[in-house]
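Undergrad: With the sequence up front, the predicted model follows.
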2 protein chains.
Amino acid sequence: MTEINFKKRETVEQVEESTDLAPMFDENGLIPVVTTDHSSGEVLMQGYMNEESFRKTIKIGEAVYYSRSRKTLWHKGKTSGLVQTIKEMRIDDDQDCVWLKVDVKGGASCHVGYRSCFYRSIPFGPKQTNNQKLQFEEKEKVFDPKKVYGDAPNPTKL
Amino acid sequence: MTEINFKKRETVEQVEESTDLAPMFDENGLIPVVTTDHSSGEVLMQGYMNEESFRKTIKIGEAVYYSRSRKTLWHKGKTSGLVQTIKEMRIDDDQDCVWLKVDVKGGASCHVGYRSCFYRSIPFGPKQTNNQKLQFEEKEKVFDPKKVYGDAPNPTKL
């Protein structure tokens, strides 16, 4: 399979105004990725890709991230079945962030069992005090993570 | 004004399943932020907050980021007038990412002049070669960055 080559970043104009794909990876070799539901527009998750997972995502049309906790490529859905099929891929002005619009088989993207990882809101405004409480915006889980992941270690780090 | 206090991260259950706001900042003291247009759902930009800008955003209800290039708080729109008024704020399962739904005065969020920073798409699929070209999805700029920013240095780094 032909390897996707990223272009060398040479000028601001090239990066911002041209059709060259010249992504910037950070000091850990990663680029942040925002993933939204293609139908609802909801943000499902935010993850990271390294060069290899970025190339693989482009080639196979399914989201492949890099797991910082497991330090390995992470083809989303391989364990849970909740594969993310890419409908559109975008890159931002300075090419240091990727946006994926996806369809999710099974409807959920969050390892806790919710549709979106962003299932809680933060109240805001001048009346907020140091006692503010998050609010649950999704009331029910789509799946039971224990049934799907079994005893696999939880990726959340303290 | 009462200071917003972030809770100490003690257990995975507390972070994922409780109403405690216990965000995780990375080794540089930053948390990534995804900003979408409240009406269209479009991803406008991805930025970062430090603790101070996160507290300020909660209090004033307008997006305040931390500029990594300028190493300072960045109250979006203070120079350009394109202020982001927050309609909803969310946090993800492990509380290491924030999602802002905003209304943008003036309709644009990108320093290059486009509505969204993600104005180009990346073609994908098995037929892509190393000659692939980005596609412009926004055809016209909303504003002329030279008129708005004058000679201010371009934030894009190579």
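TA: Here it is on my side, so go on. Numbering: from 1, shown residues only, chains lettered A, B, ... in the order given.
Undergrad: use CA for all of it now, contacts and neighbours both
TA: OK.
Undergrad: what about residue A:110, how many residues close to it?
TA: For residue A:110, the neighbour count with other C-alpha atoms under 10 Å in any protein chain shown is 21.
Undergrad: correct me, but it touches residue A:47?
TA: No. Taking C-alpha atoms under 8 Å as the definition, residue A:110 is not a contact partner of residue A:47, at 11.6 Å.
Undergrad: For the residue of chain A most remote from its centre, which non-adjacent residue is closest in space?
TA: In chain A, residue A:127 marks the outermost C-alpha relative to the chain mean, sitting 32.7 Å out by C-alpha atoms, centre = their mean. Using C-alpha to C-alpha, 6 or more residues apart in numbering or on different chains and skipping residues adjacent in sequence, the residue nearest residue A:127 is residue B:59, 7.6 Å away.
Undergrad: Tell me how many other residues surround the one you found.
TA: Applying other C-alpha under 10 Å, I find that residue B:59 has 20 neighbouring residues.
Undergrad: Which secondary structure state does residue A:147 sit in?
TA: Under the three-state scheme (DSSP: H, G, I helix; E, B strand; the rest coil), residue A:147 adopts helix.
Undergrad: need the contact list for the nearest residue to residue A:7 once chain neighbours are set aside.
TA: Leaving aside its sequence neighbours, residue A:7 sits nearest to residue A:22 (C-alpha to C-alpha, 6+ apart; 4.6 Å). Residues in contact with residue A:22, defined by C-alpha atoms under 8 Å, 6 or more residues apart in numbering or on different chains, are A:6, A:7, A:8, A:9, A:15, A:95.
Undergrad: What strand or helix carries residue A:22?
TA: Applying DSSP states H and E as the criterion places residue A:22 outside every helix and strand.
Undergrad: which stretches of chain A form helices?
TA: A:12-17, A:51-60, A:145-149 (DSSP state H).
Undergrad: Grab the CA positions of the last one and hand them over as PDB.
TA: Read it as helix A:145-149. C-alpha atoms of helix A:145-149 as PDB (Å, rounded to 0.1, in the frame of the first residue of the first chain):
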ATOM      1  CA  PRO A 145     -18.600  -1.100  30.300                       C
ATOM      2  CA  LYS A 146     -18.100  -4.200  32.400                       C
ATOM      3  CA  LYS A 147     -19.800  -6.300  29.800                       C
ATOM      4  CA  VAL A 148     -17.900  -4.800  27.000                       C
ATOM      5  CA  TYR A 149     -14.400  -4.400  28.400                       C
END
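Undergrad: Does that helix reach chain B?
TA: No. Helix A:145-149 lies out of reach of chain B by C-alpha under 8 Å from any C-alpha of the partner chain, never closer than 12.6 Å.
Undergrad: List the buried residues in that helix.
TA: residue A:145 (16 or more other C-alpha atoms under 10 Å in any protein chain shown).
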